[in-house]
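**Q** Generate coordinates for the sequence data below:
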Amino acid sequence: MTSGGGPDQRLPAVTLVPLRWWQLAEAADLEPDVFDVDPWTPEMFWSELAAGPSRYYLAALVAGRIVGYAGLAVTDDEAYIQTVGVHPDLRGRGLGARLMIALLREARRRGARSCGLEVRTDNHAARALYARLGFVDIGMRRGYYQPSGGDAYVMRARPIDSAGYGVQLDAAWAALDERDAAAAGPGQAHPPANAPSSDSAPAPDSTAASDGTAGAGGAAGVPASTFTEGAG
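**A** This is a model prediction of the structure:
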């Protein structure tokens with residue numbers, strides 16, 4: 001709580017790292033809190049990890065505990081966002097956006113030209129985030145989510161391999177840095193507003209893990225800020 005009695009909007013220090021197989025039980029335990037309808041089972045997480053290097057998953061850690069995760073699949077020049085999940089207590093702080101930007105940067109490094117995803121038709125906050133990152137509706141899948149039978153919009157961003165899209169991602173990350181700095185207040189440590197783009201960083205040696213997990217390499221796609229890159 002802040003001294004004024006309102007909620008503290010500062011996001012605690014977060015580290016983005018590849019999601020490892022030994023963290024799957026913790027991620028699966030968090031899943032029902034993140035997705036109260038149609039949560040993934042532990043077996044679904046494991047099956048994603050078994051998919052190999054076509055998958056790239058990140059975990060967001062606060063004090064060593066998982067508070068969010070996100071996953072990407074890349075085949076040839078097409079990428080797909082498999083999942084983005086954030087602990088309910090940390091929503092609205094930009095963590096989901098950070099995870100999305102990190103995945104999109106990884107997709108660019110892997111040579112993807114487009115990126116798609118599904119999102120519940122009633123998940124307005126997520127749809128707004130995806131739209132800010134250049135995703136547009138291209139269709140609908142009736143009864144996509146099971147067992148609830150919920151419908152999904154299909155969204156896609158393209159071309160994500162252009163220099164202009166890289167600039168868009170950098171600007172989105174910088175805007176989050178500026179918001180975090182403002183929330184930190186005067187005299188407090190805060191992330192830089194000019195966090196470097198990771199598009200020029202070397203690709204990790206990913207061996208991984210959809211609503212779910214990650215590779216053996218470092219958390220590429222994560223520029224310096226309150227969000228630090230960890231070894232996993």
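**Q** chain center to whichever helix in the chain runs longest, what's the gap?
**A** Secondary structure assigned by DSSP state H gives helix 163-184 as the longest helix of the chain. Distance of helix 163-184 from its chain centroid, counting by Cα atoms, centre = their mean, to the nearest Å, is 15 Å.
**Q** Repeat that for stretch 29-41.
**A** Taking Cα atoms, centre = their mean, one finds the center of stretch 29-41 at 16 Å from the center of the full chain.
**Q** taking the mean pLDDT, what do you get for that stretch?
**A** Averaging pLDDT along stretch 29-41 gives 83.
**Q** Export only the CA atoms of it, formatted as PDB.
**A** In PDB, the C-alpha atoms belonging to stretch 29-41 read as follows (Å, rounded to 0.1, in the frame of the first residue of the first chain):
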ATOM      1  CA  ASP A  29      -0.300 -24.600 -10.200                       C
ATOM      2  CA  LEU A  30      -0.600 -21.000 -11.200                       C
ATOM      3  CA  GLU A  31      -2.600 -21.700 -14.400                       C
ATOM      4  CA  PRO A  32      -6.100 -22.000 -12.700                       C
ATOM      5  CA  ASP A  33      -5.600 -18.600 -11.100                       C
ATOM      6  CA  VAL A  34      -4.600 -17.100 -14.400                       C
ATOM      7  CA  PHE A  35      -7.200 -18.900 -16.500                       C
ATOM      8  CA  ASP A  36     -10.200 -19.700 -14.300                       C
ATOM      9  CA  VAL A  37     -12.000 -21.100 -17.400                       C
ATOM     10  CA  ASP A  38     -10.300 -23.900 -19.400                       C
ATOM     11  CA  PRO A  39      -6.900 -23.900 -17.700                       C
ATOM     12  CA  TRP A  40      -4.100 -26.000 -19.100                       C
ATOM     13  CA  THR A  41      -3.300 -29.300 -17.400                       C
END
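**Q** in stretch 77-97, what counts as buried?
**A** Buried positions in stretch 77-97, judged by neighbour count with 16 or more other Cβ atoms under 10 Å: 78-87, 90, 93-97. Glycine gets a C-beta too; all of them are placed from N, C-alpha and C.
**Q** ok, of these, which one's closest to residue 39?
**A** Nearest to residue 39 among the buried residues of stretch 77-97 is residue 85, at 9.3 Å by Cβ to Cβ.
**Q** Where does that closest one sit: helix, strand or coil?
**A** Here residue 85 is strand, with the state taken from DSSP: H, G, I helix; E, B strand; the rest coil.
**Q** who touches it in this structure?
**A** Residue 85 sits next to 30-31, 34-35, 68-70, 211 when contact means Cβ atoms under 8 Å, 6 or more residues apart in numbering.
**Q** And the helices in the chain?
**A** Here the chain has its helices, by DSSP H, at 24-34, 42-49, 95-109, 124-132, 163-184.
**Q** What residues of the last one count as buried?
**A** Within helix 163-184, the residues scored as buried using 16+ other Cβ under 10 Å are 165-166, 168-170, 172-174, 176-177, 179-181, 183-184.
**Q** any weak-confidence spans in this protein?
**A** In the predicted model of the chain, residues 1-11, 186-232 satisfy pLDDT under 70.
**Q** what about the residue lying closest to residue 140 once chain neighbours are set aside, how many neighbours?
**A** Nearest non-adjacent residue to residue 140, counting by Cβ to Cβ, 6 or more residues apart in numbering: residue 153, 5.7 Å away. Residues lying near residue 153 (other Cβ atoms under 10 Å) number 21.
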